[in-house]
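Asks: fold the following for me, if possible:
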Amino acid sequence: MMPGNVKIEIFSTDALIYLLVVVAVTFFFYARRHEHLRAPWRQISKRRLAMASLVILCVYVVIGLMDSIHYRLPVSDNDTAKPTQYSPEIISLLDYVVAPLREGVEKTYSAPFATHLFAKETIELPDGTSRRGYPRLVYGGAHLDDPETQRLPDIIKTSALGIFQGVAVSTVLIVILMVWIAKNNHQAVRSTASDIFRGRTEVPWAVILGAMSIVIILIFLAIQLGSKYHILGTDKVGQDVFYQSLKSIRTGLVIGTLTTLVMLPFAILLGIMAGYFRGWVDDVIQYFYTTLSSIPGVLLIAAMILMVDIIMANHPDQFDGIGQQADARLLFLCIILGITSWTSLCRLLRGESLKLREVDYIQAAKAFGVRNIKIITRHILPNVMHIVLITVVLDFSGLVLAEAVLSYVGVGVDPSMNSWGNMINSARLEMARDPVVWWSLMAAFIFMFTLVLSANLFSDAVRDAFDPRIRKL
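Replies: Next up, the predicted model:
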């Protein structure tokens, strides 16, 4: 069990992530009290693909939040008179949950579900002689006496156990949810179950429950298999690739969400000001974002990242360990991406504000002497929020992919931080080996593809619901 006297470590990105969670929860309760916000979300809840995607996104978010709770473990010391000493290593709650994956480090490469290393080495025999061969892994398949004959039956048996556990847990959750739905609808549980499985409910509960069941089964399957094998192999230094893929989720979510916190103030403030005030204000803001857009984005990001690296290298005393330094670089990358990506939303808000300032009720407010700041906050801003929301959800997947590209060219997150971009960058050299080491690239592709596809499908539903030109009334 995890010791109770751990020392909590709060990274800068951790604080911003949970601030974003508080904002999202506050917006949820605010939207529940306003019909004009509740109606589009009801329309989204009727979309099957959107609800299935939301289930997958929730799993990613939970993993990311678990990886955002950091702490230090106490160093074992029998002398209770001295103050507690803590380990220099900072780990997260996700590290604690998947401890077997984190601690099961092999010597070097091993293929998925392998019991031996991927490359031949010199093996010392009991009689003192040596030969070339594939050494046994320390953790992967270590419980097998004869891997050649026992591995496949053991994988099948372990998979069956994981599937059985997943089906049992998902069945219990489905029954609990059906009872809850029946209670809210004042129906019998049997009639509610019949309506759900025949697709006669307004919310596609059958799709939600099906996606939830598949996710739960995959989780238990990964738990059972991951405790005995490296299900996605290991990398050059022997770390579990599946563990690296899970740790990379937080990096992708941070890039996709915190960047919007930096981007939105610039885009909303300058876009609305340019469209509402027009004149010289509009000219100055247009000149500013046109100049910024004319600079190649990758070159600007690379130059700013290199400046940040120099500053961090000259002031190492400002960061408590490698983890804090890597987190600071991640935060700076979010800031830089936000500064360089607000121009497109600013253009959209400027055009919408130019149109809104001419409508009758805003002209009437001006005639009655209402202050400009009140007109902007009471009339302009609420009427452009659908554009802001649509842009945010559509840009999320683009920012996740941008991190992979930037890390691939060497100006992304810190090399010591787990990210899909770093995994792809390291796999670039592995693909030149013979035989090919393909599993690191495949793992990064699968996890990133699933997140981006789910985000795109959900953002399509958000766009259709909030865009007044195409949404259904």
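Asks: okay, the closest residue to residue 288 other than its chain neighbours: pLDDT?
Replies: Nearest residue to residue 288 in three dimensions, chain neighbours excluded: residue 270, at 7.6 Å (C-beta to C-beta, 6 or more residues apart in numbering). Placement of C-beta: from N, CA and C, glycine included. For residue 270, the model assigns a pLDDT of 89.
Asks: for the helix or strand encompassing residue 270, which positions count as buried?
Replies: In this structure, residue 270 is located in helix 241-277 according to DSSP states H and E. Going by neighbour count (16 or more other C-beta atoms under 10 Å), the buried part of helix 241-277 is 241-260, 262-264, 266-268, 270-276.
Asks: can you check which helix is longest in the protein?
Replies: Secondary structure of the chain read by DSSP state H shows that its longest helix is helix 147-185.
Asks: who are the packing partners of that helix?
Replies: Using 3 or more C-beta pairs under 8 Å, 6 or more residues apart in numbering; DSSP states H and E as the contact test, the elements touching helix 147-185 are helix 189-197, helix 205-226.
Asks: switch those over to JSON lines; also include mean pLDDT, mean neighbour count and distance to residue 380.
Replies: Output for the helices and strands packed on helix 147-185, formatted as JSON lines (pLDDT from 0 to 100; neighbours: other C-beta atoms under 10 Å; distance: least, C-beta to C-beta, whole Å):
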{"stretch": "helix 189-197", "mean pLDDT": "83", "mean neighbour count": "16", "distance to residue 380": "43"}
{"stretch": "helix 205-226", "mean pLDDT": "91", "mean neighbour count": "18", "distance to residue 380": "37"}
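Asks: may I ask which helix or strand of this protein has the lowest mean pLDDT?
Replies: strand 121-124 (a mean of 76; mean pLDDT, DSSP states H and E).
Asks: partners of that strand, with directions?
Replies: Neighbouring strands of strand 121-124 in its sheet, by DSSP bridges, are strand 130-133 (antiparallel).
Asks: model confidence over the partner strand, on average?
Replies: Here the average pLDDT along strand 130-133 is 78.
Asks: same check on stretch 466-473?
Replies: According to the model, stretch 466-473 has a mean pLDDT of 58.
Asks: likewise for stretch 350-370?
Replies: Rounded mean pLDDT across stretch 350-370 is 85.
Asks: make 56 the starting number, not 1.
Replies: I'll keep to 56 as the first residue from here, and by that count the last item is stretch 405-425.
Asks: okay, how far is it across that stretch, tip to tip?
Replies: In stretch 405-425, first residue to last residue: 21 Å (C-alpha to C-alpha, to the nearest Å).
Asks: for it, what is the distance to the chain centroid?
Replies: Here stretch 405-425 shows a centroid-to-chain-centroid distance of 40 Å under the convention C-alpha atoms, centre = their mean, to the nearest Å.
Asks: pull out the buried residues from it.
Replies: Buried, per 16+ other C-beta under 10 Å, within stretch 405-425: 405, 407-408, 411-412, 417, 420.
Asks: show residues contacting it.
Replies: For stretch 405-425, the external contacting residues (C-beta atoms under 8 Å, 6 or more residues apart in numbering) are 326-327, 329-331, 333, 337, 340-341, 429-430, 434-435, 438-439, 442.
Asks: next one: the host helix or strand of residue 514 to chain centre, how far?
Replies: Assigned by DSSP H and E, residue 514 belongs to helix 494-521. Counting by C-alpha atoms, centre = their mean, helix 494-521 is centred 10 Å from the centre of its parent chain.
Asks: can you get me a residue count around residue 188?
Replies: The number of residues packed near residue 188 is 13, by other C-beta atoms under 10 Å.
Asks: who wins for proximity to residue 292 among the helices and strands packed on helix 202-240?
Replies: helix 260-281 (18.6 Å; C-beta to C-beta).
Asks: quick one: the helix holding residue 325 to chain centroid distance?
Replies: Remark: helix 296-332 is offset 12 Å from the chain centroid, using C-alpha atoms, centre = their mean.
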